[in-house]
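**Student:** generate coordinates for the sequence data below:
(one chain, ligands or ions: 4)
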Amino acid sequence: MSVPSIGRFTLLLAIGIAALAWTPWAVAEPFPLGPKACQDCHKDEYKIWEESKHFKSYRTAHKADDAEKIAKAVGGKKSMKRNVNCVVCHYSTVQKEAGAKAKVKAGPACESCHGASSDWEPIHFEYGGKDVKREDETPDHKAKRIADSTAAGLVWASMSYDIAHNCLKCHGLARSEIDGEAFAKMLEAGHPINQSFEIVMFSQGKMHHSLDKLSPAQLADLFVAGQAAKLVSATEAAAKTEDAKYKAAQTKRAADAQAVLQALPEAAELIASPSEANARKMMEAFGGKDLSGAIGGQIPCAGSDKENLMQC
Ligand code: HEC
Ligand code: HEC
Ligand code: HEC
Ligand code: HEC
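**Tutor:** Numbering: from 1, shown residues only. Ligands and ions are numbered 1, 2, ... in the order given. As a prediction, the model looks like this:
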């Protein structure tokens, strides 16, 4: 049977369908698999997450007194779990496959902080063959595994700026996908803004799920990353609207972060021109230097021996 016998049109159609079916894979954004996909291997982290407000808020946030009022003020669905303006920050969605419908399944979870995992989950723990154990992985394979997983969107614990950037996307009522007027309406309707959110204080209490306590140098690095991400997000947000109340709240957040960062000469360019690029440049300029001497004293609760930093 020769090719033309299936018909040129049919062939083109078949190629077209194949291309259509394939394209979403080639260009699709990574999507979240959901916390259950992590539970078996990361039991300890999962347990700590289950005790956190992030986990519990899936069952509580929409029952708060102001929830419907805030949702209605922004427009769209009055149910938080159906209102896109709320879902981005309050919930984790899960997808079966690329292009499938994203379903609201949990509160903020693993991938809210570590990145949507469809592309990196299958490779991040693969040591170079079915029977190869962690300690037998070759250095080349390890370097490639880490680079590939990072390129596919895995935010490792050591990537302090990326982690801080993710926290600050949700904490501080500033986020690039949502316009300034919507945020102004949320604030007016009583949405909290929590000016005191600070990443060390808020991550080293009940949220903390590393096996080891962070060293003073690691805490200082996380603290500075958090201030940088706050300065960038607040500056961007303040410029998005003329609403006086929202603008003032964001201007205050930016000023607070700026006051902290002033102690560091490497922060000069970021302070003069707050942008994500300059924040990343500053973090790179530190080159792993211990910042605890320069800035450790400014960390809220620094020196406290409390188990839960959120209590001090
Ligand atoms: C089959 C087991 C397995 C599954 C499933 C799995 N992980 Fe992992 N994960 C590992 C192992 C093993 C490591 C350590 C990798 C290494 O040696 O570098 C790891 C490392 C990580 C790290 C990096 C930790 C660090 O030191 O920076 C993060 C973050 C992470 N996993 C998150 C997740 C999330 C989120 C999910 C679910 C979407 C998930 N993992 C699913 C086994 C797994
Ligand atoms: C930019 C991210 C973001 C968006 C968008 C957002 N929220 Fe929130 N919301 C938060 C954070 C973070 C908190 C916790 C604030 C704190 O700890 O001060 C919160 C707290 C709340 C609370 C208080 C919850 C409680 O347990 O008391 C309600 C109610 C609420 N949000 C409703 C909404 C509604 C309704 C929408 C959609 C119209 C929405 N939020 C959109 C981030 C967001
Ligand atoms: C609120 C943000 C957030 C959430 C949610 C979150 N993580 Fe993390 N994760 C972090 C931060 C921050 C660190 C590193 C700094 C620290 O431990 O305080 C970390 C560290 C890790 C590490 C390295 C642990 C180690 O011992 O060094 C793994 C693995 C990990 N997370 C997996 C998970 C899994 C699995 C989930 C979901 C069950 C999860 N994380 C949920 C922010 C988060
Ligand atoms: C996807 C959005 C999102 C991300 C990312 C996120 N959070 Fe949250 N977080 C929330 C929301 C929403 C709440 C409020 C839940 C509620 O009150 O119902 C919250 C609550 C909290 C609380 C509880 C506060 C309290 O008053 O009890 C802490 C602590 C916290 N977040 C820390 C962090 C840290 C640290 C990071 C980054 C490592 C982070 N969060 C990343 C959305 C997020």
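**Student:** check whether stretch 162-180 comes near ligand 1.
**Tutor:** No. Judged by C-beta under 6 Å from any ligand atom, stretch 162-180 stays clear of ligand 1, getting no closer than 9.5 Å. C-beta: built from backbone N, CA, C; applies to glycine.
**Student:** for Asp221, list the residues it contacts.
**Tutor:** If you count contacts by C-beta atoms under 8 Å, 6 or more residues apart in numbering, Asp221 has them with Ser160, Phe286, Leu291.
**Student:** intersect these with the contacts of ligand 4.
**Tutor:** Near ligand 4, by the rule C-beta under 6 Å from any ligand atom, you find none of the contacts of Asp221.
**Student:** just checking, Ala164 touches Phe223?
**Tutor:** No. Ala164 is not in contact with Phe223 according to C-beta atoms under 8 Å; the separation is 9.1 Å.
**Student:** so for those two, which sits in the more crowded spot?
**Tutor:** Neighbours were counted for Ala164 and for Phe223 using other C-beta atoms under 10 Å; Ala164 has more, 29 against 25.
**Student:** for the more buried one, give me its contacts.
**Tutor:** Ile199, Leu222, Ala225, Gly226, Ala228, Ala229, Lys230.
**Student:** residues from the protein in reach of ligand 2?
**Tutor:** Contact residues (C-beta under 6 Å from any ligand atom) of the chain with ligand 2: 57, 60-61, 64, 66-67, 70-71, 74, 80, 83, 85-86, 88-90, 170-171, 173, 175, 178, 186, 191-192, 194.
**Student:** quick one, which of these are buried?
**Tutor:** 57, 61, 67, 70-71, 74, 80, 83, 85-86, 89-90, 170-171, 173, 175, 178, 186, 191 (16 or more other C-beta atoms under 10 Å).
**Student:** which one of the contacts of Ala164 is nearest ligand 4?
**Tutor:** Using C-beta to the nearest ligand atom, Ile199 is the member of the contacts of Ala164 that lies nearest ligand 4, at 5.2 Å.
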